[in-house]
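Chemist: return a 3D structure for these sequence lines:
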Amino acid sequence: METLHIKFDFGEAINSKKTILSTEINLLGSIKSMQQYKSLRKQELIKKSSLRTRLREANFIIKKLKVNLPRTRFAKEEQQEVIIERSKTKNLELELKEIRDKLATLA
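Modeler: From the prediction side, this is the model:
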């Protein structure tokens with residue numbers, strides 16, 4: 001194997017050294033960011049798994065309560081009353097808007 005020598009000026013050598021060192025800094029920063037990402041991703045997956053477990057438990061408890069709690073016949077009637085009240089408030093809002101529009105046209 002033959003040895004090859006290349007001559008650099010002092011300025012070129014300094015610039016090359018600076019470039020190599022800045023590249024190393026950038027690579028180390030990238031590695032650090034990747035490690036932080038892996039750590040945060042692992043934490044996220046652990047928390048998601050824990051949340052999923054808690055939601056399953058809560059869902060089980062809710063189903064158990066639905067079975068054990070007494071049912072009433074008035075629930076549907078109350079829901080219908082709420083719907084009627086909402087439609088009445090919408091009608092009142094529409095009337096108010098129409099009156100305001102008429103006032104705006106008169107002014």
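Chemist: using the three-state scheme, assign the residue of the chain most remote from its centre.
Modeler: Seen from the C-alpha centroid of the chain, the residue lying at the greatest distance (C-alpha atoms, centre = their mean) is Glu2, 59.9 Å away. Under DSSP: H, G, I helix; E, B strand; the rest coil, Glu2 falls in the coil class.
Chemist: for Phe8, see how far away it is.
Modeler: 20 Å (C-beta to C-beta, to the nearest Å). Yep, even glycine has a C-beta here, placed from its N, CA and C like the rest.
Chemist: kindly report the same for Arg54.
Modeler: 64 Å.
Chemist: just Leu103 next, same as before
Modeler: Applying C-beta to C-beta to Leu103 and Phe8 gives a distance of 85 Å.
Chemist: please, which helix or strand holds the spatially most central residue of the chain?
Modeler: Geometric centre of the chain, nearest residue: Glu44, 12.0 Å, by C-alpha atoms, centre = their mean. When elements are defined using DSSP states H and E, Glu44 is found to belong to helix 10-68.
Chemist: for that helix, packing partners?
Modeler: With contacts taken as 3 or more C-beta pairs under 8 Å, 6 or more residues apart in numbering; DSSP states H and E, helix 10-68 sits against no other helix or strand.
Chemist: and it, how far out from the chain's middle?
Modeler: 15 Å (C-alpha atoms, centre = their mean, to the nearest Å).
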